[in-house]
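Peer 1: Sharing a model that was predicted from the sequence below.
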Amino acid sequence: MLGQHHKDSRLAWVVAFGAHLCKLLHDGLLKSFGVMLPSLSSEFNTSNWVVGLSISLMIVVGGLFAVIANPFLKRFQPRLLLIVFAILIFIGFILCAFSSSWTTFSIALIVVIGIPLRLSWYLMLTSLADYFEKHYTVANSIAYLGSSVALVIFAPLTQYLLNTYGLKGTLLVLGSISLHVSICGAVLKSSKSYQNITYSSDSNEENNFTSYIWKVVKEIFDTKLFVQPLFLAMLAAEFGTQYCFAGWVIYLVSYATSIGLSPYYATTLSASGGAGSFIGTLAISLIFKITDNTVYVFMSFLAIAGFSLLIYPLSSSFPILVAASFVFGMAVNACMVACMVLAKSLEGHQSSIVAWIICASSFGRLLAGFLTGWIRDVTGSYIISFMILGGVMLSSTCVFAVLACIGITKRTS
C-alpha cells in the first residue's frame with residue numbers, strides 16, 4: 001500500500017487533519033439530528049424513541065457495512081470512495097428535506113446518509129494506521145478533536161438554522177456542509193496497487209464446499225481476534241462508551257428542556273461537553289507521553305465518564321450540569337482515543353480491528369437511540385435513562401478491572 005517514507009511524514013499530518021474534518025462532520029451531523037429530534041417528532045407526528053431509533057440506525061447500519069464490506073473496500077482507492085460518499089450524503093439530505101412521510105425520511109437517513117457517512121469515518125480512521133507509527137496517539141487525538149469541535153459548533157448552529165430557516169432549510173444547509181467529506185478524500189495519496197480479495201485454500205478444502213466457505217468467512221471477518229480476552233473487553237468498552245455518548249448526544253437537549261432550561265441553555269450544555277472533549281483529547285496525548293499503561297488509563301476515564309453521567313438525575317442546577325457536561329465530554333473523548341491506541345497493540349489486521357470497533361460502537365449507538373427514548377416515553381422523564389447511561393459506563397470499567405485482577409492486561413500494559 002504505502003511506503004515507509006510516508007510514515008509520520010508531512011503528508012501524514014495532512015491526513016490527520018483530514019481525519020479531524022471527517023470526525024467533525026460525522027459527529028456534528030449526528031448531533032444536529034439530536035437537536036432536530038423535537039422538531040422531527042412534531043413534524044412527522046412520531047414518538048421520541050422512534051426518531052431516536054432511526055438516528056441510531058443511521059450509524060449502526062454503516063457500522064455493519066464496515067465489517068462486511070471491509071475486504072471489498074480494499075479494492076478501491078479511498079480518495080475516490082470518499083468523494084462518492086460525499087455526493088451520496090448530500091443526496092440523502094435532499095431526500096430528507098423533501099420527504100412527506102417518516103418512512104421515506106428514515107430510509108433516506110439510514111441508507112443514503114448513514115452508510116456512506118459511517119464508511120467515510122472508517123476509511124479515514126484506518127488510514128491513520130497506514131500513515132503513522134511513532135506519532136499514532138497524537139494523530140488519533142487530532143482526529144478525535146473533530147468531535148469536540150462538532151459539539152461546540154453544530155448544536156448552536158443547528159438551533160440557529162431551525163429558528164431561521166425551519167426544518168427543511170436546516171436539512172438543505174446541513175446537506176451542503178456534508179459535501180466537505182470530499183475534502184477528506186482529497187488529502188489521501190493514491191496508490192497504484194490496491195489489495196485484491198484472495199483466500200488461501202487447498203484442494204481438499206475446495207472439495208469440501210462447507211469447509212471452504214467457513215475458511216473464507218474466517219478470513220473476511222478475522223475471527224482469530226475473538227480468542228483475545230483483551231479484544232473482547234475492548235469491544236465491550238467501546239460498546240458502552242458509544243452507547244453512553246450517543247444517548248447523551250441525542251437526548252441531552254431534550255432532557256435539558258424537559259427540566260425547564262431554555263433551548264439556548266440546553267445547547268450550551270452541548271457546547272460545554274464539546275469544550276471538555278477538546279481538553280480530554282489533548283490531555284490523553286500528554287498522559288501517553290508520560291505512561292504507556294494504556295489499559296489503566298482507559299479504565300480510569302471510563303469511571304470518570306460514568307460518574308459524571310450520574311450527576312444529571314441528581315441535579316437540575318444549570319452550573320452543575322455545565323460542569324458535568326464538561327467532565328463527561330473530557331472523559332468520553334479520552335476513552336475513544338485510548339481505545340484506538342489499545343487497538344494498535346493487539347494482534348491481528350488493523351483494518352479488521354477498526355472495523356469491529358466501529359461495528360461495536362454502532363450497536364451501542366443503536367441501543368442508546370432506542371432504549372433511552374423508550375424509557376423516557378414510558379416513565380415520562382429522563383432520570384432513569386441517564387442513570388442507566390452512567391451504569392453502563394461503570395460496567396465497562398468493571399470489565400477491565402476484572403481482567404486486570406487476573407493479569408490478562410499485564411502484557412499490553
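Peer 2: Looks like it came in fine. Residues are numbered from 1 along each chain as shown.
Peer 1: Now do the contacts for Ile357.
Peer 2: Met234, Leu235, Glu238, Cys339, Met340, Ala343 (CB atoms under 8 Å, 6 or more residues apart in numbering). In this view, the C-beta of every residue, glycine as well, is placed from N, C-alpha and C.
Peer 1: Please report the distance of it from Ala16.
Peer 2: As judged by CB to CB, to the nearest Å, Ile357 and Ala16 stand 18 Å apart.
Peer 1: ditto for Thr372
Peer 2: Separation of Thr372 from Ala16 (CB to CB) stands at 33 Å.
Peer 1: swap in Ile259?
Peer 2: When distance is defined by CB to CB, Ile259 is 39 Å away from Ala16.
Peer 1: Comparing the two, which shows the higher neighbour count?
Peer 2: Counted by other CB atoms under 10 Å, Ile259 and Ala16 do not tie: Ala16 has more neighbours, with 24 against 16.
Peer 1: Which secondary structure state is assigned to that one?
Peer 2: Secondary structure for Ala16, judged by DSSP: H, G, I helix; E, B strand; the rest coil, is helix.
Peer 1: pretty sure it contacts Tyr131?
Peer 2: Yes: judged on CB atoms under 8 Å, Ala16 makes contact with Tyr131 at a distance of 7.5 Å.
Peer 1: what is in contact with the two at once?
Peer 2: Listed as contacting both Ala16 and Tyr131 by CB under 8 Å, 6+ apart are Ala139.
Peer 1: any weak-confidence spans in this protein?
Peer 2: Applying pLDDT under 70 to the chain picks out residues 1-6, 8, 70-74, 190-221, 369, 404-413.
Peer 1: again, 50 this time
Peer 2: For the chain, residues meeting the criterion pLDDT under 50 lie at 1, 192-199, 201-203, 205-206, 411, 413.
Peer 1: ok, then the element right after the longest helix that it contains?
Peer 2: Longest helix in the chain by number of residues (criterion: DSSP state H): helix 136-178. Later in the chain than helix 136-178, the nearest helix or strand by DSSP states H and E is helix 181-186.
Peer 1: Name the residues that touch that next one?
Peer 2: Contacts to helix 181-186, defined as CB under 8 Å, 6+ apart, come from residues 18-19, 21-22, 25, 78-83, 85-87, 89, 117, 120, 124.
Peer 1: Can you mark which positions in it are buried?
Peer 2: For helix 181-186, a neighbour-count test (16 or more other CB atoms under 10 Å) marks Val181, Ser182, Ile183, Cys184, Gly185 as buried.
Peer 1: then it to PDB, C-alphas only?
Peer 2: Extracted in PDB, the C-alpha atoms of helix 181-186 (Å, rounded to 0.1, in the frame of the first residue of the first chain):
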ATOM      1  CA  VAL A 181     -16.400  15.000   3.200                       C
ATOM      2  CA  SER A 182     -14.900  15.000  -0.300                       C
ATOM      3  CA  ILE A 183     -12.000  17.200   1.100                       C
ATOM      4  CA  CYS A 184     -11.100  14.300   3.400                       C
ATOM      5  CA  GLY A 185     -10.600  12.100   0.400                       C
ATOM      6  CA  ALA A 186      -8.600  14.700  -1.500                       C
END
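Peer 1: What segments of the stretch 151-300 of the chain are helices?
Peer 2: Along the stretch 151-300 of the chain, the stretches classed as helices by DSSP state H, counting those that start in this stretch are 181-186, 203-207, 209-221, 229-258, 263-290, 294-309.
Peer 1: Tell me which of the ones you listed lies nearest to Val378.
Peer 2: helix 229-258 (14.1 Å; CB to CB).
Peer 1: Go through the closest one and flag the buried ones.
Peer 2: Within helix 229-258, the residues that count as buried by 16+ other CB under 10 Å are 230-231, 233-256, 258.
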